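A.B. asks: Provided below for reference: sequence and predicted model.
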Amino acid sequence: MSPAFHAAARALLADPLTNKGTAFTNEERETFGLHGLLPPHVGTLDSQIERRMRALEGMKDDFHRYAFLRELQDSNEVLFQALVQRDLPRMLPLVYTPTVGEGCERFSEIWRRPRGLFLSYPNRDRIADILADPALDRVKVIVVSDGERILGLGDQGAGGMGIPIGKLALYTACAGIHPAEVLPILIDVGTDNAARREDPLYVGWRNPRIRGAEYDAFMESFVAAVADRFPGVLLQWEDFAGKNAYDLLERYRGRLLSFNDDIQGTAATAVGTLLSAIRRTGTPLTEQRVVLFGAGAAGSGVAELLVRAMMADGLAEAEARARIWAVDRDGLVLSDIPRLPPQQQALAHDPADIVDWTRTGANAIGLLDTVANVRPTVLIGASGQMGAFGEGVIRAMAAGVAQPVIFPLSNPISRAEAHPADLLAWTDGRAIVGTGSPFGVAGVTQVNNVYIFPGVGLGALASGAREVTDGMFMAAARALGALGGEGATLLPPITRLREVALHIAVAVARQALVEGVATVDPETLTREAIAAGMWEATYP
Ligand SMILES: NC(=O)C1=CN([C@@H]2O[C@H](COP(=O)(O)OP(=O)(O)OC[C@H]3O[C@@H](n4cnc5c(N)ncnc54)[C@H](O)[C@@H]3O)[C@@H](O)[C@H]2O)C=CC1
Ligand SMILES: CC(=O)C(=O)O
Ligand SMILES: [Mg+2]
């Protein structure tokens with residue numbers, strides 16, 4: 001064997017996209033010169049899964065399981081995906097929320113080998129060169145974050161890369177996007193998290209965050225380079241903080257096929273779940289009274305899609321907005337509060353609306369007073385504030401409604417507004433509860449945008465959409481809501497996420513056709529055709 005042949009054999013094993021480990025057959029070992037590099041046993045995907053499951057169960061905690069699975073993904077993509085897909089309810093909490101939160105906080109500690117791209121500010125003039133890598137020729141889906149608002153855990157800098165990696169693992173697991181077609185990107189413009197910067201192991205750029213015009217110029221070069229290198233790529237903005245989340249979405253949704261998962265994906269998830277919930281309670285959407293706690297990207301996204309859904313059901317815009325109340329860090333969002341961010345101005349009530357409210361204090365109106373006066377049928381948390389839904393608030397809500405719908409959406413578990421078991425206890429089991437992360441409490445639905453983004457992405461790509469419209473998210477929400485749940489839960493179980501993604505993809509693709517943003521022949525856009533394009537985790 002020539003030196004080149006030996007090198008090629010090693011490269012085959014080193015590349016997670018080609019490595020089959022012990023599952024290389026004897027013929028393949030012969031052809032590719034793998035004899036000796038592998039032990040003599042010829043395994044199967046099943047036996048490999050069994051071995052990894054045993055290793056996983058022997059580990060001391062979920063963080064180590066997360067690190068183990070990341071290493072497996074970096075050594076053998078088929079095996080990683082087959083393992084994840086075989087037991088999604090067990091694996092999702094390990095590769096995604098809640099464990100991915102700790103995975104981001106401790107990203108530098110478990111850094112082993114590269115995955116995806118780090119586009120750091122010092123490399124701002126090299127973006128096109130970096131993207132030119134032929135290994136990226138097949139990329140169809142990008143998830144990008146700048147790490148500033150990682151779940152409810154704040155600024156994690158370069159460690160935020162755990163989120164694009166996790167989201168894209170789910171694009172493959174749920175929407176069947178081939179692992180060679182996904183690209184996680186971390187925009188490293190520094191971090192304002194001093195603990196990260198001062199950590200000697202930190203792998204990111206040790207600099208306070210670049211902001212303002214420099215940041216905008218950097219993002220502009222990034223988008224221009226992506227549009228040039230990957231025409232038609234679907235780009236998902238993820239876990240950007242505050243104003244950047246809105247600005248990037250609005251600035252670029254017409255230039256790139258793109259959406260913001262925290263604003264739009266979360267909105268479709270929450271509205272879809274709510275549509276399922278109201279089939280249980282029997283109260284129409286147009287009669288719901290909704291209190292949102294935390295009116296940032298996720299909360300305001302939910303509110304705007306709710307307004308749209310209520311208007312579709314017959315309310316005037318003002319009537320819909322009158323039914324939604326937002327509480328943020330300065331209390332009830334009112335139009336006379338100075339310097340409200342634009343997304344909150346749209347949700348603000350007139351102070352005249354509350355003149356006859358009973359109040360427990362003279363200052364800002366908090367959640368308890370809001371709940372006591374609005375008597376909401378629905379309470380949604382997207383604040384990242386652990387325990388914000390306390391017993392008093394929940395009992396006040398439950399006093400006014402037979403089946404309170406309560407969704408503490410914040411992730412990970414350490415940031416949830418309430419523990420679902422408490423919500424059930426304080427409402428004598430009457431509450432209909434949905435949480436962002438899985439708590440393992442029977443009858444509680446996981447209300448997480450993983451129910452939406454894989455299907456929206458798949459539908460947008462399948463239809464060759466020129467943009468991802470708000471109508472496509474509304475269609476996704478309705479499709480999700482129509483699926484309903486099993487037993488007390490509102491959505492299909494996690495085991496069925498692949499079916500859910502396909503179902504949503506079909507609805508999204510049809511909506512793209514209706515709105516005239518699809519570019520493929522409508523005849524070809526069948527459920528069967530979309531399903532046929534979904535990659536299965538088996539060895540070639
Ligand atoms: N379940 C799901 O699918 C999703 C859950 N989330 C979760 O929602 C949370 C928020 O995410 P984003 O909206 O993107 O963040 P964000 O930072 O845009 O919004 C958070 C909002 O909460 C407000 N807030 C902070 N402290 C508060 C307090 N003490 N009282 C009232 N309001 C307070 C902030 O002022 C801000 O407006 C995170 O924990 C995130 O993990 C986000 C997206 C999807
Ligand atoms: C689920 C998600 O996207 C988040 O918590 O940010
Ligand atoms: Mg997110």
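C.D. replies: That came through, no problem. Ligands and ions are numbered 1, 2, ... in the order given.

A.B. asks: counting neighbours, what do you get for the closest residue to Thr489 other than its chain neighbours?
C.D. replies: Excluding the flanking residues, the one nearest Thr489 by C-beta to C-beta, 6 or more residues apart in numbering is Thr445, at 4.5 Å. Every residue, glycine included, has its C-beta placed from N, CA and C. Thr445: 23 surrounding residues under other C-beta atoms under 10 Å.

A.B. asks: repeat that for the one 5 residues further on.
C.D. replies: Around Val450 there are 27 other residues, counting by other C-beta under 10 Å.

A.B. asks: would you double-check that it falls in a helix?
C.D. replies: Yes: judged by DSSP: H, G, I helix; E, B strand; the rest coil, Val450 forms part of a helix.

A.B. asks: for it, which non-adjacent residue is spatially closest?
C.D. replies: Residue nearest to Val450 in three dimensions, not counting chain neighbours: Leu170, with 5.6 Å by C-beta to C-beta, 6+ apart.

A.B. asks: next structured bit after the strand or helix carrying that neighbour?
C.D. replies: Using DSSP states H and E, Leu170 sits within helix 162-175. Next along the chain after helix 162-175, taking DSSP H and E as the criterion, comes strand 182-188.

A.B. asks: if we can go back for a sec, quick one: list the elements packing against the helix holding Leu170.
C.D. replies: helix 62-75, helix 77-86, helix 88-95, helix 99-105, strand 141-145, strand 182-188, helix 453-462, helix 497-514 (3 or more C-beta pairs under 8 Å, 6 or more residues apart in numbering; DSSP states H and E).

A.B. asks: do you know which of these lies nearest Val371?
C.D. replies: Within these, the stretch nearest Val371 is helix 99-105; the backing value is 28.2 Å (C-beta to C-beta).

A.B. asks: quick one: the closest one near ligand 1?
C.D. replies: No: residues of helix 99-105 contacting ligand 1 under C-beta under 6 Å from any ligand atom: none, with a closest distance of 8.4 Å.

A.B. asks: same thing with stretch 149-158?
C.D. replies: Yes: judged by C-beta under 6 Å from any ligand atom, stretch 149-158 comes into contact with ligand 1 at 149, 151-152.

A.B. asks: residues in contact with whichever helix or strand Leu379 is part of?
C.D. replies: Following DSSP H and E, one finds Leu379 within strand 378-381. Contacts with strand 378-381, where a contact means C-beta atoms under 8 Å, 6 or more residues apart in numbering, come from 270, 274, 277, 288-294, 299, 302, 371, 388-389, 393, 397, 404-410, 416-418.

A.B. asks: ok, stretch 32-47 next?
C.D. replies: By C-beta under 8 Å, 6+ apart, stretch 32-47 touches 1, 5-6, 8-10, 12-13, 21-26, 28-29, 51, 78-79, 82, 538-539.

A.B. asks: now restrict those residues to buried residues only.
C.D. replies: Buried by 16 or more other C-beta atoms under 10 Å: 9, 12-13, 21, 23-24, 28-29, 78-79, 82, 539, out of the contacts of stretch 32-47.

A.B. asks: which one of those sits closest to ligand 3?
C.D. replies: Taking C-beta to the ion as the measure, ligand 3 lies nearest Ala82 of the buried ones among the contacts of stretch 32-47, at 25.9 Å.

A.B. asks: need the contact list for the closest residue in space to that closest one that isn't next to it in sequence.
C.D. replies: The shortest distance from Ala82 to any non-neighbouring residue, by C-beta to C-beta, 6+ apart, is to Ala537 (4.1 Å). With contact set as C-beta under 8 Å, 6+ apart, Ala537 has these partners: 78, 81-82, 85, 172-173.

A.B. asks: ligand 2: which of those residues is nearest?
C.D. replies: The nearest member of the contacts of Ala537 to ligand 2, counting by C-beta to the nearest ligand atom, is Ala173 at 15.2 Å.

A.B. asks: how many neighbours does that closest one have?
C.D. replies: The tally of other residues near Ala173 (other C-beta under 10 Å) stands at 26.

A.B. asks: roughly how far does Trp237 sit from Ile142?
C.D. replies: The gap separating Trp237 from Ile142 is 10 Å, by C-beta to C-beta, to the nearest Å.

A.B. asks: pLDDT score for Gly361?
C.D. replies: At Gly361, the model reports a pLDDT of 80.

A.B. asks: so what's the most centrally placed residue in the chain closest to, chain neighbours aside?
C.D. replies: Central residue of the chain (C-alpha atoms, centre = their mean): Asn449, 4.9 Å from the mean position. In space, Asn449 comes closest to Gly265 once its chain neighbours are excluded; the distance is 3.7 Å by C-beta to C-beta, 6+ apart.

A.B. asks: what does Ala312 give?
C.D. replies: Ala312's closest residue in space is Met474 (C-beta to C-beta, 6+ apart), at 7.4 Å.

A.B. asks: mind listing what's buried in the helix or strand harbouring that neighbour?
C.D. replies: Element membership for Met474, per DSSP H and E: helix 470-483. By 16+ other C-beta under 10 Å, the buried positions in helix 470-483 come out as 470, 472-481, 483.

A.B. asks: same deal with stretch 70-80?
C.D. replies: Quick answer for stretch 70-80 (16+ other C-beta under 10 Å): 70, 72-80.

A.B. asks: try stretch 114-126
C.D. replies: Quick answer for stretch 114-126 (16+ other C-beta under 10 Å): 115-121.

A.B. asks: just to revisit the earlier point, quick one: the residue nearest to Val450 from ligand 1, how far?
C.D. replies: Distance of Leu170 to ligand 1, given as C-beta to the nearest ligand atom, to the nearest Å: 12 Å.

A.B. asks: Pro454 is in contact with that residue, correct?
C.D. replies: Yes: with contacts counted by C-beta atoms under 8 Å, Leu170 reaches Pro454, the gap being 6.0 Å.

A.B. asks: next, the one residue in the chain that gets nearest to ligand 2: phi, psi?
C.D. replies: Nearest to ligand 2, among the residues of the chain, is Asn411, at 3.8 Å (C-beta to the nearest ligand atom). When read as degrees, to the nearest 10, the backbone of Asn411 gives phi -120, psi 160.

A.B. asks: show me what contacts the closest residue to Val508 other than its chain neighbours?
C.D. replies: Nearest in space to Val508, with sequence neighbours left out and distances taken as C-beta to C-beta, 6+ apart, is Gly459 at 2.8 Å. By C-beta under 8 Å, 6+ apart, the contact set of Gly459 is 465, 472, 476, 504-509, 511-512, 530.

A.B. asks: what about 7 Å?
C.D. replies: Contacts for Gly459 (C-beta atoms under 7 Å, 6 or more residues apart in numbering) come out as 504-509, 512.

A.B. asks: same deal with Leu235?
C.D. replies: Contacts of Leu235 by C-beta under 7 Å, 6+ apart are 142, 144, 226, 256-258.

A.B. asks: filter those down to the ones close to ligand 3.
C.D. replies: Filtering the contacts of Leu235 for neighbours of ligand 3 using C-beta under 5 Å from the ion leaves an empty set.
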